[in-house]
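J.: Only the shape, not the letters, is given here:
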């Protein structure tokens, strides 16, 4: 959510930003906000004047009663009663207009950074840099679930009977590999100075509204029937929510946290053949990182965060590239975002395995996450988040890039302590 003061003073800039995000249907929201904001402030001014007048009249009543001027005092009392009724109406009007402003402000996208490429959808995202040499081996690489099946490592048929499409059983060495990647990612981030956290896996509706747009909420979140609780789609939601309604000492910033959680997503829409298996699923596990910092530190942290993911993937012998998200591919709260994509030697192309985002103070405004400096001045924090690793997609990249011609899978050195010292996985079929 942007600053209402900025919108008042720069409505044309806000509209231009909406156009850059190809959301022209939201253009009327700007004028509506300005109109309701004027009404709210006018009602508030009139209410304040009426309160002041009411206080003066109340004192006047006391003085008249002391002077024995009861009849005049009764007339003033009648005026006070009339003003009180009018004040109640003005207070109700102010609240109503403010709610109209708030509901529209929540739908207006955040101001994107000038460096963001302009485009309507992810086909206009721009490659930034490649890390590692993408290799296509001279032997055939099977589909990732077929690789897993050679190790008796996956059962999607049974999962379908138990929970439906979009779920899976991982077993044996593949399940162990899944857990090993998460454990390695946890220790990797702890070594970077981040505090390890296991957060709540459910959050209240006001936290959901604070961390994401309404469109995202509808497309992603599962709601617990009959309760004000949602299953998290990523631990970023509850991790940023941890700071709701707080005033944080500037000297303690930045907060750098890395969190493990299961994640639950509706994943609406059609799924192509390359998004079957464990690529696009309703339940998965992930290691995340978030930063709460001063505004002037946000861009340094943005560059650190995505670089950590690149470093982790390269340590597992997976080539990756970074891709800058264009304006139309940015969620409404984001100032700037880049994806980390892993190389798929089977598809001979890269695919998304993580996303790094700078959200400016948008989440902080919604959740009232403030910072107090040494002079007592308060301002909104900046928040950032990034995927460390999500093993289902990481498993696809890992298995394809470490598969050997004989069907075995090489275990990189950094992962061996988490795999009982194994250097290679031998298929059973």
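T.: Okay, I see it. Note that the coordinates shown come from a computational prediction; the quantities given were computed from them, not determined experimentally.

J.: quick one: pLDDT of the closest residue to residue 312 other than its chain neighbours?
T.: In this structure, residue 312 finds its nearest non-sequential neighbour in residue 188, 5.5 Å apart by CB to CB, 6 or more residues apart in numbering. C-beta coordinates here come from the backbone N, C-alpha and C atoms, glycine included. pLDDT recorded at residue 188 is 98.

J.: which element is residue 188 on?
T.: Assessed by DSSP states H and E, residue 188 sits inside helix 172-191.

J.: same deal with residue 298?
T.: Per DSSP H and E: helix 298-315 holds residue 298.

J.: go on, residue 400?
T.: helix 391-402.

J.: what packs against that helix?
T.: When contacts are defined as 3 or more CB pairs under 8 Å, 6 or more residues apart in numbering; DSSP states H and E, helix 391-402 packs onto helix 144-150, helix 172-191, strand 283-293, strand 336-344, strand 349-358, strand 409-410.

J.: repeat that with 6 Å
T.: Where contact means 3 or more CB pairs under 6 Å, 6 or more residues apart in numbering; DSSP states H and E, helix 391-402 is packed against helix 144-150, helix 172-191.

J.: Of the ones you listed, give the one that comes closest to residue 356.
T.: With CB to CB, the closest approach to residue 356 among these belongs to helix 172-191: 13.6 Å.

J.: and residue 110, how far is that from residue 318?
T.: 32 Å (CB to CB, to the nearest Å).

J.: tell me which helix or strand of this structure sits lowest on mean pLDDT?
T.: helix 214-220 (a mean of 79; mean pLDDT, DSSP states H and E).

J.: List the contacts of it.
T.: If you take CB atoms under 6 Å, 6 or more residues apart in numbering as the criterion, helix 214-220 is touched by 208, 233, 265, 266, 268, 331.

J.: Buried among those residues? Need that as a selection in PyMOL.
T.: Selection of buried members from the contacts of helix 214-220 for PyMOL, criterion 16 or more other CB atoms under 10 Å:
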select buried, resi 208+233+265+331
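
J.: Closest one of the contacts of helix 214-220 to residue 49?
T.: residue 208 (39.0 Å).

J.: Wait, a strand at that closest one?
T.: No: assigned with DSSP: H, G, I helix; E, B strand; the rest coil, residue 208 falls outside any strand and is helix.

J.: List the contacts of the closest residue to it other than its chain neighbours.
T.: The shortest distance from residue 208 to any non-neighbouring residue, by CB to CB, 6+ apart, is to residue 230 (5.2 Å). Listed by CB under 6 Å, 6+ apart, the contact set of residue 230 reads 203, 208, 221, 223.

J.: Run a quick neighbour tally on the last one.
T.: It refers to residue 223. 14 (other CB atoms under 10 Å).

J.: Would you check how far apart the nearest residue to residue 1 once chain neighbours are set aside and residue 385 are?
T.: Using CB to CB, 6+ apart and skipping residues adjacent in sequence, the residue nearest residue 1 is residue 365, 4.7 Å away. Separation of residue 365 from residue 385 (CB to CB) stands at 16 Å.

J.: So which of those two has more stuff around it?
T.: Legend: neighbour count by other CB under 10 Å for residue 365 and residue 385, higher for residue 385 (26 against 20).

J.: need the contact list for residue 322.
T.: In this structure, residue 322 makes contact with 128, 129, 338, 340, judged by CB under 6 Å, 6+ apart.
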